[in-house]
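Engineer: Fold the following and give me the result.
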Amino acid sequence: MPNTIATANIIAKAAVKILDNELGMGSRVFRGYEDEFSKNVNGYKVGDTVSIRKPAQFRVRTGLVASNQDVIEGKTAIQVNKVAGVDFQFSSTDLALNIGDLAERVIKPAMVPIANQIDQDLHSCALQNFWNWVGIPGATIANYGKFLAGVQRLNEMAVPSDERSAALSPADHVALLGNQAQLYIDGANTDAYRKAKLGGLAGVEPFMTQNAPTLTTGTRTNGTVSGAGQAVTYSGAQANSWGQTLNMAGLGAAATVRAGEVFSIAGVFAVNPVTKQVLPYLQQFVATANATADGSGAAAVQIAPAIITTGAYQTVSAAPAAGAVVTWNGAASTTFQQNLMFHRNALALVCVPFEKPAGVPSEQVGTQSYKGIHVMLVPYFDGPNRVSNWRLDVLYGVAAIDPRLGTRVSG
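Structural biologist: Below you'll find the model as predicted:
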């Protein structure tokens, strides 16, 4: 058998760098929580979940009279509960190759699907948590103005102007490229025409991804709000994962609502999250879990953001009235492409190292870390066939830290 100790670490070292290079969404989201999982508390590891504090918010006072506000720091959690891996075989001949040849022929093809899986999980996380959606569902982003609609929504939500990215489907990327190639701007049209590159647009770095998610809507009809008084407090929203349950009626007998669907409610307008000024459009909400209506068309739907009408964490202009009409984005039973525009802090990816497996000499296990990415490579040998079997695993978790910092964009 070849030098398994040296080979495992060499392969793992090459693999982790290739994986980092292949990440699309994974390289554009927040990556600062790995250290939280390496801490020991009273001699014990923290486990698979850590709590993340959210900044406190306040309302400004005008005038001389003090009006004390409670300092409320919210919390959200990120759980490391996902594993992506590949299993492969090397013959003795393969292992005789230099690492450059091995990386190109074997390691890189193995890392691409792992990177894609991590990116897909981040896209799915955004799909189930981003409630803002601009543009016409199903229409491609065919010009700069339609792209700017996403920028406008981020600005209206007081999203920081740095570290903004846009994940575009191949169709939307090509449509926008075609428009940019016609511009007479030095460099912009050249890159779009010759290199198929968009470059930075309005402070946003767009990138094309085949992993852009799709949303298939449920069979629901528009429906109405069932009952008044469905606003909640900030503490109530915090206890319900920053969302709430909204009772609806008129969805249709046994109609379905799919996680990720976006809707608005008549008379419930959005507010600026900093100034609390009422904005000239209805607040959008996202269904965070699947729901099925009963025979009368009624259903309790988990939604975000929570309907908070006052205070520092106000999200809407007013609570919905009983019977207020619910309007869904996109027709029922239809699949829509989802482009995402977001700030780095909207989503988080955390990757932590596996514990070395029992029963395998630790010196034969390849573990490598690079820029917060960790991989483990474990070999086991098939003696009769003289084949080296290998399994490569990545342990990670994803979370929507602040969904307000992202939006979906259609044409």
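
Engineer: Surely Gly85 touches Leu392?
Structural biologist: Yes: Gly85 lies in contact with Leu392 (CB atoms under 8 Å); the separation is 5.8 Å. (Glycine included, C-beta is placed from N, CA and C.)

Engineer: higher neighbour count, these two?
Structural biologist: Between Gly85 and Leu392, counted using other CB atoms under 10 Å, Leu392 has the larger neighbour count: 24 against 17.

Engineer: Bridging across strands, which residues link to the nearest residue to that one once chain neighbours are set aside?
Structural biologist: In this structure, Leu392 finds its nearest non-sequential neighbour in Leu377, 5.0 Å apart by CB to CB, 6 or more residues apart in numbering. Under DSSP bridges, the beta-bridge partners of Leu377 are Gly366, Leu392.

Engineer: Now do Leu377, the pLDDT please.
Structural biologist: Note for Leu377: predicted pLDDT of 85.

Engineer: swap in Arg59?
Structural biologist: 64.

Engineer: show me the contacts for Thr230.
Structural biologist: Just to correct that, residue 230 is Gln rather than Thr. Applying CB atoms under 8 Å, 6 or more residues apart in numbering, we find Gln230 in contact with 244, 246-247, 307, 319-320.

Engineer: check contacts around the closest residue to Ser27 other than its chain neighbours.
Structural biologist: Leaving aside its chain neighbours, Ser27 sits nearest to Asp20 (7.4 Å; criterion: CB to CB, 6+ apart). Residues near Asp20 by CB under 8 Å, 6+ apart: 27, 370-371, 373.

Engineer: separation between Asp20 and Gly26?
Structural biologist: 8 Å (CB to CB, to the nearest Å).

Engineer: mind listing which of the contacts of Asp20 are in strands?
Structural biologist: Counted as lying in strands by DSSP state E, out of the contacts of Asp20, are 370, 373.

Engineer: what about stretch 327-335, average pLDDT?
Structural biologist: 98.

Engineer: er, stretch 134-147 actually
Structural biologist: 95.

Engineer: Tell me the span between the first and last residue of it.
Structural biologist: Stretch 134-147 has an end-to-end distance of 10 Å (CA to CA, to the nearest Å).

Engineer: Neighbours of Asn129, how many?
Structural biologist: 24.

Engineer: can you pull the contacts of the nearest residue to it once chain neighbours are set aside?
Structural biologist: Here the nearest residue to Asn129 in space, its sequence neighbours aside, is Ala400; by CB to CB, 6+ apart that works out to 3.6 Å. Neighbour list for Ala400: 125-126, 128-130, 346-348 [criterion: CB under 8 Å, 6+ apart].

Engineer: returning to what we had before: overlap in contacts, Gly85 and Leu392.
Structural biologist: Common neighbours of Gly85 and Leu392 (CB under 8 Å, 6+ apart) are Ile114.

Engineer: Give me the mean pLDDT for the helix or strand harbouring the residue nearest to Ser27.
Structural biologist: Taking DSSP states H and E as the criterion, Asp20 maps to helix 4-22. Summarised as a single mean, pLDDT over helix 4-22 is 77.

Engineer: Mind checking which of the contacts of Gln230 are buried?
Structural biologist: Buried residues within the contacts of Gln230, counting neighbours by 16 or more other CB atoms under 10 Å: 244, 246, 307, 319-320.

Engineer: Please identify the one among those that lies nearest to Pro353.
Structural biologist: Nearest to Pro353 among those is Gln244, at 37.0 Å by CB to CB.

Engineer: and the closest one, bridged to which residues?
Structural biologist: Beta-bridge partners, per DSSP bridges, of Gln244: Ile303.

Engineer: got the domain boundaries for this structure?
Structural biologist: 4-55+75-124+348-406, 133-214+338-345, 216-335 (automatic domain parsing).

Engineer: Rebuild the ones you listed as CSV, extending it with distance to Leu64.
Structural biologist: Shown next, in CSV, are those (distance: least, CB to CB, whole Å):
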stretch, distance to Leu64
domain 4-55+75-124+348-406, 27
domain 133-214+338-345, 27
domain 216-335, 20
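
Engineer: sec struct for the residue sitting nearest the centre point of the chain, please.
Structural biologist: Closest to where the C-alpha atoms of the chain average out (CA atoms, centre = their mean) is Ala126, at 3.3 Å. Secondary structure assignment for Ala126 (DSSP: H, G, I helix; E, B strand; the rest coil): helix.

Engineer: how close does the residue nearest to it when sequence neighbours are not counted get to Asn116?
Structural biologist: Among residues not flanking Ala126 along the chain, Leu340 sits closest, at 5.3 Å (CB to CB, 6+ apart). Leu340 is 16 Å from Asn116, where distance means CB to CB.

Engineer: how many neighbours does Gly252 have?
Structural biologist: Neighbours of Gly252 using other CB under 10 Å come to 17.

Engineer: so it makes contact with Ala293?
Structural biologist: Yes: the pair Gly252 / Ala293 is scored as a contact, 6.3 Å apart, by CB under 8 Å.

Engineer: List the residues that contact the residue nearest to the centre of the chain.
Structural biologist: Ala126 neighbours (CB under 8 Å, 6+ apart): 213, 340, 342, 346-347, 400, 403, 406.

Engineer: tell me which of those is nearest to Val65?
Structural biologist: Pro403 (35.3 Å).

Engineer: Give me the number of neighbouring residues for that closest one.
Structural biologist: Pro403: 23 neighbours (other CB under 10 Å).

Engineer: what does Ala332 give?
Structural biologist: Look at Ala332: counted by other CB under 10 Å, it has 18 neighbours.

Engineer: and what of Leu176?
Structural biologist: Around Leu176 there are 26 residues (other CB under 10 Å).

Engineer: element containing the residue nearest to it when sequence neighbours are not counted?
Structural biologist: The spatial neighbour of Leu176 that comes closest, neighbours along the chain excluded (CB to CB, 6+ apart), is Ile141 at 5.3 Å. Taking DSSP H and E as the definition, one finds Ile141 inside no helix or strand.

Engineer: Can you give me the distance of Ile141 to Gln284?
Structural biologist: 18 Å.

Engineer: Of these two, which one has the most company?
Structural biologist: Legend: neighbour count by other CB under 10 Å for Ile141 and Gln284, higher for Ile141 (27 against 22).
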